[in-house]
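>>> give me the fold of what follows.
(one chain, ligands or ions: 1)
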Amino acid sequence: MKATYEVDMLTGVRPTGNLHLGNYVGAIKPFIELQKTGVRSFVFVADLHALTDHEPKEIREFTREVVADYLALGLDPEKNIIYTQSSIGYETTFLMALLARETTVAELLRVPTIKDKLRRGARPETANALLLLYPVMMAADILLHRARRVPVGDDQVAHLEVMRRLARDFNEKYGEVFPIPEPEKLRSLRILSLKGAGKMSKSVPEGSIFLSDDPKKIEKKIKTAETATEGKMTPSLESHMILAKELAQNKNTLIEIDELINAHLAGKQVMGDFKKLLADLISDFLIRFQERRATVIKEPGYIEDILRSGATVARESAEKTLALVRRATSF
Ligand code: TRP
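Residues are numbered from 1 along each chain as shown. Okay, here's the model as predicted:
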């Protein structure tokens, strides 16, 4: 890999296990499909961020797991630079310190995601202080590579606003060091829970299909999923129709889905057939995914090699920016 690598796009992935189809279809698939348009990204595992709510010793394994998931879902290690945040931990935290002093505690307490977390569950008395620094470290992740485009979900938009504000103020104070990155809104689909209410989520496992589910479990979950009355389109049916279409591998399947939905809307009793088709599509997809994932995990040193060469490129890119930062700040 050449040292002159320019970052096209940059994104961070949380090392949390147990991805489900909502995560895949809603966020990961649109991102992975960008590869087809020639976009090359820096993709890093946010393992330092994960320290906010995980024990350090757990995170290493989570990191391997999430990299295996993304590779098996189609993230191409030839086209993207894949690394862990901690492999450039010095560079990240150095820049974070310089950015943190351009931020006030009050501003961070007003960030909606943090406010929200501190209102429920994580109380200021017990939450560790890394939570408060989350948006600042995220700004460091991005600015460290002078990235221009950052694809994120809706929940991250407020963080990117903090990052843009920091970049602008830093530039104003010390001179133009950072290009101001643009949030990249990816088409994001909300796949609803099989149990009707809300999105598919880890916290309602009966309503979610995990990437690790086997065909038997999938069949059972789909069988007991909420259905729509004949003739009616509901948000849940619509969302599961989209899920089916996203997983369909060919035109005939797409036609079959449309025919079933049209029959349903015409008042026919076809929900059983639709569920059967959906369960088959999911099983086919997940069996292939699980095979690829097993291969990736089994190959000794495969993931480690990818992360090591990614770290080399990322460090070079980070050092280049830090040289500009040092010169600008005289620090
Ligand atoms: N905060 C992101 C999330 O929760 C992960 C992340 C960390 C990230 N640093 C980033 C995303 C930088 C984009 C750019 O999903």
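>>> which residues are in contact with stretch 156-166?
Residues outside stretch 156-166 that contact it (CB atoms under 8 Å, 6 or more residues apart in numbering): 99, 102-103, 107-108, 111-113, 134-136, 138-139, 142-143, 150, 152, 180-181, 183. For every residue, glycine as well, the C-beta is placed using N, CA and C.
>>> now list the buried members of those.
Listed as buried from these are 99, 102-103, 108, 111, 134-136, 138-139, 142-143, 150, 152, 181, 183; burial here means 16 or more other CB atoms under 10 Å.
>>> and of the residues you listed, the nearest to the ligand?
M138 (4.1 Å; CB to the nearest ligand atom).
>>> mind listing what that closest one touches?
Applying CB under 8 Å, 6+ apart, the residues contacting M138 are G12, H49, Q156, H159, V162, M163.
>>> in contact with whichever residue of the chain sits closest to the ligand, which residues?
Minimum separation of the chain from the ligand (CB to the nearest ligand atom) falls at G12, amounting to 2.7 Å. For G12, the contact set (CB under 8 Å, 6+ apart) comprises V43, F44, V45, A46, H49, Q85, M138, D141.
>>> quick check: ChimeraX command selecting the buried ones in the contacts of M138.
To isolate the buried ones among the contacts of M138 in ChimeraX, judged by 16+ other CB under 10 Å, type:
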select :12,49,156,159,162,163
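>>> the chain: helices as residue ranges?
In the chain, the segments counted as helices under DSSP state H are 21-23, 29-33, 47-50, 56-72, 89-100, 105-110, 112-119, 130-143, 157-174, 215-223, 235-247, 251-265, 271-298, 302-329.
>>> same list (those helices) but as a markdown table, adding distance to the ligand and mean pLDDT.
Converted to a markdown table, those look like this (distance: least, CB to the nearest ligand atom, whole Å; pLDDT from 0 to 100):
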| stretch | distance to the ligand | mean pLDDT |
| --- | --- | --- |
| helix 21-23 | 10 | 94 |
| helix 29-33 | 11 | 91 |
| helix 47-50 | 5 | 97 |
| helix 56-72 | 11 | 95 |
| helix 89-100 | 10 | 98 |
| helix 105-110 | 14 | 94 |
| helix 112-119 | 9 | 89 |
| helix 130-143 | 4 | 97 |
| helix 157-174 | 6 | 96 |
| helix 215-223 | 26 | 96 |
| helix 235-247 | 21 | 95 |
| helix 251-265 | 30 | 97 |
| helix 271-298 | 21 | 97 |
| helix 302-329 | 13 | 98 |
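>>> of all these, which one comes closest to L194?
Closest of those to L194 is helix 215-223, at 5.8 Å (criterion: CB to CB).
>>> distance from the closest one to the middle of the chain?
26 Å (CA atoms, centre = their mean, to the nearest Å).
>>> what is the orientation angle of that helix with helix 235-247?
Using axes from the mean of the first three to the mean of the last three CA atoms, to 10 degrees, one finds that helix 215-223 and helix 235-247 are set 140 degrees apart in direction.
>>> quick one: list the elements packing against helix 215-223.
helix 271-298 (3 or more CB pairs under 8 Å, 6 or more residues apart in numbering; DSSP states H and E).
>>> buried residues in the helix it packs on?
Quick answer for helix 271-298 (16+ other CB under 10 Å): 271, 274-275, 277-283, 285-286, 289, 293, 296-297.
>>> specify the beta-bridge partners of the residue of the chain closest to the ligand.
F44 (DSSP bridges).
>>> what is the burial count for the nearest residue to M241 once chain neighbours are set aside?
Leaving aside its sequence neighbours, M241 sits nearest to I261 (CB to CB, 6 or more residues apart in numbering; 5.6 Å). By the criterion of other CB atoms under 10 Å, I261 has 19 neighbours.
>>> which residues sit in contact with I261?
M233, L237, M241, F274.
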